[in-house]
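A.B. asks: Need a 3D model of the sequence below.
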Amino acid sequence: MRFPTILIIVFLTFSTSNSYCQNDSFIGYAVSKVNQDSIISCTTFGYANEENKIVYAKNTIQPIGSVSKTFIGLALTIAQEKGIIDLDTNINEYLDFEISNPNVKGKNTITLRHLATHTSGIIDDETIYEASYTFEVVPKNNLHDFFYKNLVVTSKSKKKLFSKYKAGENYSYSNVGAALAAYVLEKASGKPFNEFTKEYIFTPLQMKNTGWFFDEIDTSKLALLYDENKAPLAKYSCDTYPDGSLKTTITDLSLYLIELIKGYNGNSTLMSKNGWSTFFSKQFSESHWQPKNSNPKEPNSGIFIFYFPSGEIGHTGSDLGASSVLKFNPKTNTGQIFMANEDLTKNNVATFKTIWKKE
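C.D. replies: Here you go, the predicted model:
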């Protein structure tokens, strides 16, 4: 499911070569390098559909797993700049139902900042989260119904999806919490989250082959996904789609990474310098706020975007039959992306490292 593959990539560094290797450890994959001005290189290998010998190309579309969360973060900061939301306001002020943690006593205010830094107290129960997946082209439940059923109505689900910690006290990576942030934005803006991101991110950046749902993309360009045994998977959807269901190409994702680097340096027209500063500002510090159990592999966080021990900034993604890594170096203003139509496993991690560092 959608869990960060940080443990695989924290030791990796960017290389300066444009040369990559083909390896049958992966069915198909793409790698790109960018700076804040352009795509430096973009290379694809293998198959988008091995059975039909359809090559993995620059316009091949596939899901990118949890890299999708960075789009939630960017959407939130755009919305704050527009006065639609405030990251430090109680989320219940925006919602059409009330959410509270049944496992803690006393006052407990959950904000979008808590959700965006995985410190809200909302956690992922494996059974409930896995049940949110369906091998269909549309999710079983929309965002409202999923959260209403699991965080409001059903006390048993509520208890499983909340930790014993008050908001802000403890770090726990949460797909459910990330999707809830997108739903809060949806209610505050009066615009479905997929439409909000299209209007304010995809369209301005000319990301023409990007969408959250199958009916938003050209499915003739869609990669077939493969499990760890190289068996093809049927199309699937997830109720909590904003946490990892974005479907895009290596080219479109490269345009996005270019904009992130521009934004970090105050050169993006997508938001003001203050907006980008909010998005990238390190949220944790020993003197201000250091939640328990912070992940040493992700020692700091912006708004749904991580700082790694190397100093690089980005996110990783892993889902059924899909994997991705998006990172940039703020010192060199260069970034790199990896996408594959299968998950990272112990069988292909060594190959991934070679691809990432080559040569």
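A.B. asks: Number of residues surrounding the spatially closest residue to N348 that is not a sequence neighbour?
C.D. replies: Of all residues not flanking N348 in the chain, S25 sits nearest, at 4.0 Å (C-beta to C-beta, 6 or more residues apart in numbering). C-beta coordinates here come from the backbone N, C-alpha and C atoms, glycine included. Residues within reach of S25, counting by other C-beta atoms under 10 Å, total 18.
A.B. asks: what's the spacing between G177 and F162?
C.D. replies: Distance, G177 to F162, by C-beta to C-beta, to the nearest Å: 10 Å.
A.B. asks: still on that earlier bit, residues in contact with the residue nearest to N348?
C.D. replies: Neighbouring residues of S25 by C-beta atoms under 8 Å, 6 or more residues apart in numbering: 347-348, 350-352.
A.B. asks: try S157
C.D. replies: Counting by C-beta under 8 Å, 6+ apart, S157 has contacts 125, 128, 149-151.
A.B. asks: Throw the residues you listed into CSV and include pLDDT, thanks.
C.D. replies: Converted to CSV, these look like this (pLDDT from 0 to 100):
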residue, pLDDT
D125, 96
I128, 96
K149, 95
N150, 96
L151, 95
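A.B. asks: from those residues, which ones fall inside helices?
C.D. replies: Judged by DSSP state H, helices contain the following of those: I128.
A.B. asks: Can you say which two of the contacts of S157 are spatially most distant?
C.D. replies: D125 and K149 (13.1 Å; C-beta to C-beta).
A.B. asks: All the helices of the protein, in order from the start?
C.D. replies: According to DSSP H, the helices that the chain contains are 6-9, 69-81, 112-116, 126-131, 143-147, 155-160, 175-189, 193-197, 250-264, 273-280, 349-357.
A.B. asks: And those: which comes nearest D319?
C.D. replies: Comparing those by C-beta to C-beta, helix 175-189 comes nearest, at 10.0 Å.
A.B. asks: now that closest one against helix 69-81, angle please.
C.D. replies: The directions of helix 175-189 and helix 69-81 differ by 30 degrees, with axes from the mean of the first three to the mean of the last three C-alpha atoms, to 10 degrees as the criterion.
A.B. asks: where among the helices of the chain is the average confidence lowest?
C.D. replies: Ranked by mean pLDDT, those end with helix 6-9 at the bottom, a mean of 41.
A.B. asks: N90: neighbouring residues, count only.
C.D. replies: When neighbours are counted by other C-beta under 10 Å, N90 comes out with 16.
A.B. asks: Quick check: the residue lying closest to it once chain neighbours are set aside vs T43, distance?
C.D. replies: The shortest distance from N90 to any non-neighbouring residue, by C-beta to C-beta, 6+ apart, is to T109 (4.9 Å). For T109, the distance to T43 (C-beta to C-beta) stands at 48 Å.
A.B. asks: Could you do D218 as well?
C.D. replies: Distance from D218 to T43, by C-beta to C-beta: 22 Å.
A.B. asks: cool, S323 as well?
C.D. replies: S323 is 17 Å from T43, by C-beta to C-beta.
A.B. asks: neighbour count winner among the two?
C.D. replies: S323 (28 against 16).
A.B. asks: pretty sure that one contacts I337?
C.D. replies: No. Counting by C-beta atoms under 8 Å, S323 stays clear of I337, with 11.5 Å between them.
A.B. asks: Quick check: buried residues in stretch 109-126?
C.D. replies: 110-125 (16 or more other C-beta atoms under 10 Å).
A.B. asks: Among the contacts of S25, which pair sits farthest apart?
C.D. replies: N347 and F352 (10.3 Å).
A.B. asks: neighbour-wise, which of these two wins?
C.D. replies: F352 (23 against 13).
A.B. asks: wait, isn't that one in contact with F338?
C.D. replies: Yes. Using C-beta under 8 Å, F352 makes contact with F338 at a distance of 7.0 Å.
A.B. asks: Mutual contacts of the two, please.
C.D. replies: Shared contacts of F352 and F338, counting by C-beta under 8 Å, 6+ apart, come down to S323.
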